[in-house]
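1. following is a predicted model, sequence given first.
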Amino acid sequence: MTLWEIDIYPSADERDAAADSLIAAAADLGLASDLQVATSRGFLIQADFNRDHVELLSDQLLCDTVVEQAKVDEAGADALSQPPAPGLSQLVYVLPKPGVMDPVAQSTMTAIADFGQSAAAVRTFRKYWLPELPPPLFDKLCNKLLANDAIEQVIVGPIPFEQLSFGKPYEFALATTSIRQLDDAGLTKLSKEGQLYLTLVEMQTIQKYFNELGRDPTDIELESVAQTWSEHCSHKTLAGRIAYKDEKGERKFNNMLKETIFAATQEIRKSLGDKDWCVSVFQDNAGIVRFDDEHNIVFKVETHNHPSALEPYGGANTGIGGVVRDPMGTGMGAKPICNTDVFCFAPPDVDPETLPPGVLHPRRVMNGVVSGVRDYGNRMGIPTVNGAVYFDERYLGNPLVYCGNVGLIPQQHSFKEVKPNDLIVALGGRTGRDGIHGATFSSAELTSESESLSGGAVQIGNAITEKMVLDVLLEARDRGLFNAVTDCGAGGFSSAVGEMGEKIGADVWLDRAPLKYDGLSYTEIWISEAQERMVLAVPDHKWDELEELCSSEGVEATIIGRFAPTGRLKLFYYQEAVGDLDMKFLHDGRPPIVREATYQPLPVKPLKLPAAKSCDFAGDLKQILGSLNVASKHWIIRQYDHEVQGGSAIKPLVGVLNDGPGDAAVVRPVLTSQRGVVVSCGMNPRYGDFDTYDMATSAIDEAMRNCVAVGADPSQIAILDNFCWGYTDRPETLGSLVRSAIACYDMAIALGTPFISGKDSLNNEFSYFNDAGEKQRISIPPSLLISALGQVDDVRRCVTMDLKKTGSKLYVVGKTFHELGGSHWSLIHDQPHGAAPKVNAAMAKSTFASLHKAIHGGLVRACHDLSEGGLAVAAAEMAFAGGLGAELSLDNMPHDEAAKHPISLLFSESNTRFLVEVPAENEKQFQSVLAGIPHAAIGTVIEKPTLTISLKKTKLVSASLDELKQAWLAPLDW
Amino acid sequence: MATPKALILRAPGTNCDRETAFAFEAAGGAAERVHLNRLLDQPQLAEGFQILCLPGGFSYGDDIAAGRIVGSLIRHHLDEVLREFVDAGKLVLGICNGFQILLKSGILLPDAADGHAPATLAWNESQRFIDRWVHLKTNGDKCVFLKEIEKMYLPVAHAEGRFVARCSDTLKSLDQSGQLSLRYTDAAGGEAAYPDCPNGAQLGVAGACDATGRVFGLMPHPERYLEPTHHPRWTRGEAGEVGDGLKIFQNAVQYFA
């Protein structure tokens, strides 16, 4: 067989875009200011083809001859090593490492076969031509820009091999681990070196179990226990016993989450009685609530932080792929209808020289994460309609990637039940060595060594495989071909089968699982986190029809076992029994974790505001508009398809030029109906530096505000929590989390707003050794994301935030307090003091209800919530989004006495506030609907494109819309 | 005659098939979503339909190039069936990825004498996926789908939509024959620069038809503007009573009236 290489270059008239972006990135990172590069993409094809046939393939399949030109030869041939331009003598190939998903290669294999002969193997690559560079710079370029060592290999010079490597056939050998004789030190060592990441007490419990059995565990048994007991799968810290102490005293939890967040939902459901609109909460892969007479909607938000730190593209890619499988694996399978994505990064202008070892530059992380989400969401055909990005230095080693998905499910399919003796069927992608130890890895802290240690935990997705699985899954659901479904996420088959068979038992025949390549051990098959796989429980008599359906759409479905009613998890590899565990031990045997948690509220240090001599705040306003958290995210939003599925009703960007920052997106999931789903979020990690209680209530208030601002009914909003925290073994770190969970309970109860699902990601810290050899830690700030799922009965009643018409009155709704702690005004002035915003939950509830009544009644032309940057930012955004000016006077603005300073009135970030455009003819009615809620007319919409804000005849802000908008657009206009 | 039937062809990775079927139904036609594998097994299925539509999406993940894999499948297995379909006076519509497939399969523009495609849809000038609304005007009256349409406002959502002809002569002759039937414009209807022309297409070409005017491909998504609330500024009162995109589907259905 011959290994053929096809290099595809841009044709003479086309620019080398990959080279251009590389040159720009090298300049951004300060590596080289005037780099010269040429690039090509290409294919390695291993086959018994003659040259003519390969040239035919190149001409008709691989190269677009209108805009590209190809070079074909045997790999290693001199002709392929001739520089395309003088001076470019250094040749670099970048290939996916063997075993890493290469979707293009798979499709290419299939397409090649249509030309009459099959290829034995295909691999894609990228090829770079560089000038002679000093070795340190050359190495830096390779490692920091050309390739990511977690998934790719760099080859300098011509292709040095004559065959593409395949996996070697696996030779079976049963591995047992001697655990019974180990002392505590030995157990700790085994946990760490085996990447089990279990505590000593847990290791002792496992030791005791096998002592009683009189044998040592096999490797697969140990792995099964480690995965099931991992923080990622069992949430043992937050669902564990916690002794919490704060300024109010002590509180003991047996199960912290159950007694706070779940409890709130239970109480709310109970109080709703017959009117309870929750369907399934905190039990399935996603929460379910009622939508219309026929459908329910499901919602789940996950994080994929650790993989995204190592390989941003793959991590975010599989993050969205993974969370989409949650609704698909909820009930009998929901249809995904929209995505939401929230990211936390370090600022992109970090000096590359100051990066700790093992850390990718934030700019590269951002680019990778956004591309990863884009490519998976767009390919799946799911509109990405909502999101946010937060910047803080502390996300440097540990960026956060929250991915969420909403699904639609017919009501009768909302529940599932595995029946004894159902077949265990694997559906979708094949199993490979990707993602080994993902579940246990994500429960550990990152270090500068993580990259080499856990590269296998990084996965690459193939969205089209998942789309194909989705297509057959929904059809199979509607035909009643299975009894239950769940997704293969963290922990792979181990966790999916273990969960589904918990109450029954399962026999698994690991040798039957279809593999991507040879060489996987039985344990690797069991714990692989290869993407795009679902597990179904299928009755025997439905198997033939299911198999036929799947094969008709080219989706692989394979029987890999049976839910045998033994109460045990029995694992086989051909005839060999390789594992046998009691389901009870697996699921209930973990010793409870008991942790201490403390919280000491920081004393509020008063924020001293400058005497109001200088009264021009236009500069402050522009600076806040241009701060990264507030600035326009159009660069990201426009890369996402936010309209696919044809139900878009309120888009993420709104206004006269389609570029204003909408509060929440609205989609119609049922095309024949006007009923809409509203998705929004709330988060502000900066408030957590003051008090995590206020951070949590503020996040809930913000998510609710965004939803209500477009027209959602506040009495039917469901919310989700995602806690991303630092190292919770430290009592004060855990304490700050418990405090925010208590806040979630209080706020949910007060608003009557149920949590329906949630997820936590702990130990988000990065540690490394500095030049002096001292251990350094960077812990992320406490980061609670609240996602809200609202509903509107008719999308035609929704409003957007852009000013609509000259002459309208502008009303501020809600009261302003002196709450500048953690605000963006404090951020730009480097002010660490002050108090973070609090929430008056009872007032919030009635404000939301009244405002909703006004919007639903058609009294409102535009509505925007007041958040980062307060009133001034909201007014500026509304004005430039609508292309109309505004004249505001703050004399009558409802405010607390302490907030009378113009800086407070303009920039305080007090909760539960809105700025509302009301047509003059609706004023009376609007006022009467808002009776009892603090509100005041503070301005008018004007034709002239300026924003002026004054207080007692003093002008505080006077600026043209153009300059305000430019300040807001420029920072992330990439 | 009976309600015209549209075959909505879906391949692995097609993702606009449901809303496109809905659009044909809203226009008074009937629609059936058919998997590519089924048509490959039973090509005669096509005979029962008057309209073939290749909807948007990422068939085979845009692997190698957008539309390339399905284009190649058509060239090897369905070429004859589709040519018969067109020769029988029926209609073929390709939207976004469907347009990419129609060009790459040689169905929309026949290969030149040297066996090469005369035009392609290359990567956007910006090198990235873009979702935004664009102004469009029609050019000539050759295209059946664009009958009585002068201008439209529709969204695009693609990464590979830059129309490029093999050479200036090819471009000129396509233009002269009236086949470059849909163009991007600026808001005032004039020549479009980026981002009004979202991808850098030659002559601002957004859609093209074959010599008969019955095979048409376009990058914008007409199925995404059927209802007023699809319009990005409907809350500003700027949407019409029906969406601009509906007329394309109505033209297709009414062609058989």
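-> Thanks, I have the structure now.
2. how about the residues of the stretch 101-250 of chain B by chain A?
-> The stretch 101-250 of chain B comes close to chain A at residues B:115-117, B:119-120, B:122-123, B:127-133, B:155, B:157, B:164-166, B:221, B:223-224, B:226, B:228-230, B:232-233, B:235-236, as judged by Cβ under 8 Å from any Cβ of the partner chain. Bear in mind the C-beta positions are built from the backbone N, C-alpha and C, glycine included.
3. from these, which land in strands?
-> Cross-referencing these against strands under DSSP state E gives B:A119, B:T120, B:A122, B:I130, B:D131, B:R132, B:W133, B:P155, B:A157, B:V164, B:A165.
4. next, count neighbours for residue 141.
-> All of this refers to chain A. 24 (other Cβ atoms under 10 Å in any protein chain shown).
5. um, chain B though
-> Look at B:D141: counted by other Cβ under 10 Å, it has 13 neighbours.
6. OK, contacts around A:I320?
-> Residues in contact with A:I320 (Cβ atoms under 8 Å, 6 or more residues apart in numbering or on different chains) are A:N339, A:D341, A:G372, A:V373, A:Y376, A:G377, A:M380, A:C403, A:N405.
7. tell me the secondary structure for it?
-> What DSSP: H, G, I helix; E, B strand; the rest coil gives for A:I320 is helix.
8. for chain B, see how far away it is.
-> Distance, A:I320 to chain B, using Cβ to the nearest Cβ, to the nearest Å: 14 Å.
9. A:T431 now?
-> 20 Å.
10. bridged to that residue, which residues?
-> A:L515 (DSSP bridges).
11. neighbours of it, just the number please.
-> A:T431: 27 neighbours (other Cβ under 10 Å).
12. wait, isn't it in contact with A:D518?
-> No: counting by Cβ atoms under 8 Å, A:T431 does not reach A:D518; the two are 11.9 Å apart.
13. so where is chain A shaky, pLDDT-wise?
-> Residue ranges of chain A with pLDDT under 70: A:166-167, A:437-458, A:612-614.
14. so what's the residue in it positioned nearest to chain B up against?
-> Using Cβ to the nearest Cβ, the point where chain A gets nearest to chain B is A:G381, with a distance of 2.3 Å. A:G381 sits next to A:K467, A:D641, A:V644, A:Q645, B:T14, B:N15, B:C16, B:G57, B:F58 when contact means Cβ under 8 Å, 6+ apart.
15. what number of residues lie near the second one?
-> This points to A:D641. Quick note: A:D641 (other Cβ under 10 Å) scores 31 neighbours.
16. kindly report the same for A:R433.
-> Using other Cβ under 10 Å, A:R433 has 20 other residues around it.
17. now it: closest residue in space that isn't a chain neighbour?
-> Using Cβ to Cβ, 6 or more residues apart in numbering or on different chains and skipping residues adjacent in sequence, the residue nearest A:R433 is A:G99, 5.0 Å away.
18. and that neighbour, helix, strand or coil?
-> Following three-state DSSP, we place A:G99 in the coil state.
19. burial of it, as a residue count?
-> Using other Cβ under 10 Å, A:G99 is surrounded by 18 other residues.
20. which residues touch it?
-> A:G99 sits next to A:G167, A:G432, A:R433, A:D434, A:K516, A:Y517 when contact means Cβ under 8 Å, 6+ apart.
21. buried ones among those?
-> Buried subset of the contacts of A:G99 (neighbour count, 16 or more other Cβ atoms under 10 Å in any protein chain shown): A:G432, A:R433, A:D434, A:K516, A:Y517.
22. for the residue nearest to the residue of chain A closest to chain B when sequence neighbours are not counted, give me phi and psi.
-> Closest residue to A:G381 apart from its sequence neighbours, by Cβ to Cβ, 6+ apart: B:N15 at 2.3 Å. Per-residue torsions, B:N15: phi -140, psi 10 (degrees, to the nearest 10).
23. B:N15 reaches A:L470, doesn't it?
-> No: in this structure, B:N15 is not within contact of A:L470 by Cβ under 8 Å, at 9.6 Å.
24. any shared contact partners between these two?
-> The contact sets of B:N15 and A:L470 overlap at A:M380 (Cβ under 8 Å, 6+ apart).
25. show me which residues of the stretch 301-450 of chain A are close to chain B?
-> Close to chain B, as judged by Cβ under 8 Å from any Cβ, the stretch 301-450 of chain A has residues A:R374, A:N378, A:R379, A:M380, A:G381.
26. mind checking which of these are in helices?
-> Among those, the members found in helices (DSSP state H) are A:R374, A:N378, A:R379, A:M380.
27. before we move on, back to that, which ones among the contacts of A:G381 are found in helices?
-> Taking DSSP H, the ones among the contacts of A:G381 that sit in helices are A:K467.
28. distance to B:D141 for the contacts of A:G381 - can I get that in TSV?
-> Listed next are the contacts of A:G381 as TSV, based on distance: Cβ to Cβ, whole Å:
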residue	distance to B:D141
A:K467	38
A:D641	32
A:V644	31
A:Q645	33
B:T14	31
B:N15	32
B:C16	27
B:G57	30
B:F58	33
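29. ends of stretch A:169-177, what's the gap?
-> 24 Å (Cα to Cα, to the nearest Å).
30. how about it: buried residues?
-> A:Y170, A:T177.
31. just the residues contacting that stretch, thanks.
-> With contact meaning Cβ under 8 Å, 6+ apart, stretch A:169-177 is reached by A:190, A:194, A:215-219, A:222, A:518-523, A:573-574, A:576, A:578.
32. now with 10 Å, please.
-> A:190, A:194, A:206, A:210, A:215-223, A:511, A:515, A:518-525, A:573-574, A:576-579 (Cβ atoms under 10 Å, 6 or more residues apart in numbering or on different chains).
33. which ones among those residues map onto helices?
-> A:L190, A:I206, A:F210, A:D219, A:I220, A:E221, A:L222, A:E223, A:Y522, A:T523, A:E524, A:I525.
34. that's a helix at A:D59, yeah?
-> Yes: the assignment for A:D59 by three-state DSSP puts it in a helix.
35. which residue packs closest to it, ignoring adjacent ones?
-> Using Cβ to Cβ, 6+ apart, the nearest residue to A:D59 is A:T65, at 6.5 Å.
36. now do A:I742
-> Nearest residue to A:I742 in three dimensions, chain neighbours excluded: A:T260, at 5.8 Å (Cβ to Cβ, 6+ apart).
37. what does B:A201 give?
-> Excluding its sequence neighbours, the residue lying closest to B:A201 (Cβ to Cβ, 6+ apart) is B:F163, at 4.0 Å.
38. same question for B:G28.
-> Residue nearest to B:G28 in three dimensions, not counting chain neighbours: B:V253, with 5.0 Å by Cβ to Cβ, 6+ apart.
39. ok so, going back, nearest to A:N629 among the ones in helices among the residues of the stretch 301-450 of chain A next to chain B?
-> A:R374 (21.0 Å; Cβ to Cβ).
40. which bits of the stretch 801-950 of chain A sit near chain B?
-> A:M801, A:D802, A:L803, A:K804, A:K805, A:R861, A:A862, A:G882, A:G883 (Cβ under 10 Å from any Cβ of the partner chain).
41. among those, name the ones in helices.
-> Reading helices off those with DSSP H, I get A:G882.
42. is it possible to export the residues of the stretch 801-950 of chain A next to chain B to a markdown table including neighbour count?
-> Formatted as a markdown table, these follow (neighbours: other Cβ atoms under 10 Å in any protein chain shown):
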| residue | neighbour count |
| --- | --- |
| A:M801 | 29 |
| A:D802 | 29 |
| A:L803 | 30 |
| A:K804 | 23 |
| A:K805 | 16 |
| A:R861 | 23 |
| A:A862 | 28 |
| A:G882 | 27 |
| A:G883 | 18 |
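43. redo the residues of the stretch 801-950 of chain A next to chain B as JSON lines? Include distance to A:P357.
-> As requested, those are arranged in JSON lines below (distance: Cβ to Cβ, whole Å):
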{"residue": "A:M801", "distance to A:P357": "44"}
{"residue": "A:D802", "distance to A:P357": "47"}
{"residue": "A:L803", "distance to A:P357": "50"}
{"residue": "A:K804", "distance to A:P357": "53"}
{"residue": "A:K805", "distance to A:P357": "57"}
{"residue": "A:R861", "distance to A:P357": "54"}
{"residue": "A:A862", "distance to A:P357": "50"}
{"residue": "A:G882", "distance to A:P357": "49"}
{"residue": "A:G883", "distance to A:P357": "49"}
